[in-house]
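Novice: okay, predicted coordinates and the sequence, questions at the end:
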Amino acid sequence: TIEHCDVASGTRYHPLSKAVGDPPVDRRRINEQVTGWIRCVTGWPLTDAFCGYKVYRVDALRKLSLQERGPAFPIEFWVQAWHAGLKVEEVPTPRIYLDAARSFGGSLDRPETRLSYYEEVLKESLQRIGHPPLRIRSRR
């Protein structure tokens with residue numbers, strides 16, 4: 001797949017993705033909301049902004065200046081990848097949720113706090129590339 005793009009990104013929500021367990025409702029809802037924000041900005045038909053499976057071209061990554069170190073890293077990545085003109089393809093990836101109680105830790109365990117954090121990182125990432133602010137209507 002990587003021969004046709006700069007980034008091959010997994011999607012756990014493709015009809016061909018195998019599934020073991022169900023994601024916690026708040027995680028699925030927040031992923032859908034943030035993925036919608038990313039689609040709105042980039043125009044890419046992404047279905048899973050937070051899937052950790054990625055294959056990158058090294059030369060493509062050199063075009064990015066990523067700073068975010070927390071769980072919102074994918075948001076900054078998508079904004080910069082789009083701004084750099086990278087070509088992205090999604091590939092079906094297994095969705096495995098074995099521990100519904102898995103934690104982000106601290107205040108990020110609260111879905112509304114996590115969503116606010118993601119929204120702030122999106123706004124900062126857009127500002128860094130000179131993109132006008134996105135009007136976000138959160139479904140908290």
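Specialist: Received the coordinates, thanks. Here the structure is a predicted model, which is why all the values come from computation and not from measurement.
Novice: got any ranges where this structure has weak pLDDT?
Specialist: For the chain, applying pLDDT under 70 flags the ranges 1, 137-140.
Novice: where do the strands sit along it?
Specialist: Here the chain has its strands, by DSSP state E, at 7-11, 19-20, 54-56, 88-92, 95-96.
Novice: tell me the contacts of the residue nearest the centre of the chain?
Specialist: Centroid check for the chain by CA atoms, centre = their mean gives A49 as the closest residue, at 2.5 Å. Taking CB atoms under 8 Å, 6 or more residues apart in numbering as the contact definition, A49 lies against N31, V34, T35, I38, P74, I75, W78. All C-beta spots, glycine's among them, are computed from the backbone N, C-alpha and C.
Novice: check the gap between the nearest residue to it once chain neighbours are set aside and A101 for me.
Specialist: Among residues not flanking A49 along the chain, T35 sits closest, at 4.1 Å (CB to CB, 6 or more residues apart in numbering). Note on T35: its distance to A101, by CB to CB, to the nearest Å, is 24 Å.
Novice: which of these two has more neighbours?
Specialist: T35 (21 against 5; other CB atoms under 10 Å).
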